[in-house]
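Engineer: Can you look at this prediction? I've put the sequence above it.
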Amino acid sequence: MPQSEITTLEQFIVDQQALHAQADGSLSRVFRAIELAAKIVNRDVRKAGLIDILGQDGSVNTHGEDQQKLDVLANNIFISALSRTGEVSMIISEENEGVVYVEGCDHEKYIVAIDPLDGSSNIDVNVSIGSIFSIYKRQNAEQSPNLQECLQTGNEQVAAGYVFYGSSTMLVYTTGQGVNGFTLDDALQEFCLSHPNIQTPSNGKIFSVNEGNYNDFSEGVKSYIDYCKSNEAGPYKARYIGSMIADFHLNLLKGGVFVDPGTTGSPSGKLRLMYECNPMAFLAEQAGGKATYGEGSIMELQPKELHQRCPLFIGSANMVDLAMHYISEEDTAIINR
């Protein structure tokens, strides 16, 4: 791309803000904080093997999972950057049991949900990881911030996105007007528009699922996986990286479906609704894809708690529809037996 044609994330946000007369720049300031935090985390990820930030921290998060050192570091970086914007009242994170109430910002209008380092169990083996964010507007900024305000459906998101620390570092986001991707130029230290108006193919040839759990899936999910591996399907290509961001990003660009269903041991699945499923569902739908928990739209699901889990079927629209067909057909057959 010629230097004169480069559009930075900063410029893109300013241009988008100019299209809305009512915009006051507050959301832009939140995005600048996310951009800054992403650059700092990216710097630390890139040198993780050279300094003492690999391995476990020795603590566990609210889900009982061992925290990696970079988990804790990324969480602190994002919370610190967001807290300094003067626009965010509350932050909810995978790494914190409760709501983080931002001191001195009781009446600011935004709530941010973050998974500061998705796929962190892969850090030590240099597999791609990322950060996920979701932004909500408070329903009543005049009142004191409270937990109930955080429990909004995905349809209430004003913006969502992720930062993907791969062979290059990308920031992909939506504000409900399409999906755009920005790649970090290491020389400029700027995110530059590289993937404008991303549209995911309606069909694809990739399915991403942890087949190690096959015996614990429902009969409907098993039937769909069997179809994906059959000659009738082509067959599809199995691609499962183990970092949801990496799997989702591949399928978003190439066309595919990511499946994280419930199991006999964990009927609600392992992904968290508020800061994993909702933001990815928003992105998928804005790119022309679909996202469901198996019985309806992810973004219509009313959260009952901060760390609620839910199954996820997400990706190319026709592939998600076909998965639901197999699952509902099998369930109906079982009911009628």
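Structural biologist: Structure received.

Engineer: quick one: buried residues of whatever helix or strand residue 32 lives in?
Structural biologist: Following DSSP states H and E, one finds residue 32 within helix 26-46. By 16 or more other Cβ atoms under 10 Å, the buried positions in helix 26-46 come out as 26-39, 41-42, 44-45. Every C-beta, even on glycine, is put in place using the N, C-alpha and C of the backbone.

Engineer: from the middle of its chain, how far away would it be?
Structural biologist: Centre-to-centre, helix 26-46 and its host chain are 15 Å apart (Cα atoms, centre = their mean, to the nearest Å).

Engineer: mind saving the C-alpha coords of it as CSV?
Structural biologist: Provided in CSV are the C-alpha atoms of helix 26-46 (Å, rounded to 0.1, in the frame of the first residue of the first chain):
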residue,chain,number,x,y,z
SER,A,26,-16.1,9.6,24.2
LEU,A,27,-16.2,6.2,22.5
SER,A,28,-13.1,7.3,20.5
ARG,A,29,-11.3,7.8,23.7
VAL,A,30,-12.2,4.3,24.9
PHE,A,31,-10.9,2.9,21.6
ARG,A,32,-7.6,4.8,22.0
ALA,A,33,-7.2,3.2,25.4
ILE,A,34,-7.8,-0.3,23.9
GLU,A,35,-5.3,0.5,21.1
LEU,A,36,-2.6,1.6,23.6
ALA,A,37,-3.2,-1.5,25.8
ALA,A,38,-3.0,-3.7,22.8
LYS,A,39,0.3,-2.2,21.7
ILE,A,40,1.8,-2.7,25.2
VAL,A,41,0.5,-6.3,25.4
ASN,A,42,1.9,-7.0,21.9
ARG,A,43,5.3,-5.7,23.0
ASP,A,44,5.3,-8.0,26.0
VAL,A,45,4.1,-11.0,24.0
ARG,A,46,6.8,-10.5,21.4
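
Engineer: Quick one: mean pLDDT for it?
Structural biologist: The predicted model assigns helix 26-46 a mean pLDDT of 93.

Engineer: could you say what helices and strands it packs with?
Structural biologist: If you count contacts as 3 or more Cβ pairs under 8 Å, 6 or more residues apart in numbering; DSSP states H and E, helix 26-46 packs onto helix 9-18, helix 69-83, strand 110-118, strand 129-137, strand 157-165, strand 169-174.

Engineer: if we go to 6 Å?
Structural biologist: helix 9-18, helix 69-83, strand 157-165 (3 or more Cβ pairs under 6 Å, 6 or more residues apart in numbering; DSSP states H and E).

Engineer: out of the ones you listed, deepest packed?
Structural biologist: strand 157-165 (a mean of 25; mean count of other Cβ atoms under 10 Å).

Engineer: Can you check what angle separates that strand from strand 110-118?
Structural biologist: With axes from the mean of the first three to the mean of the last three Cα atoms, to 10 degrees applied, the angle from strand 157-165 to strand 110-118 works out at 20 degrees.

Engineer: how close does residue 161 get to residue 8?
Structural biologist: 16 Å (Cβ to Cβ, to the nearest Å).

Engineer: Right, I'll leave it there.
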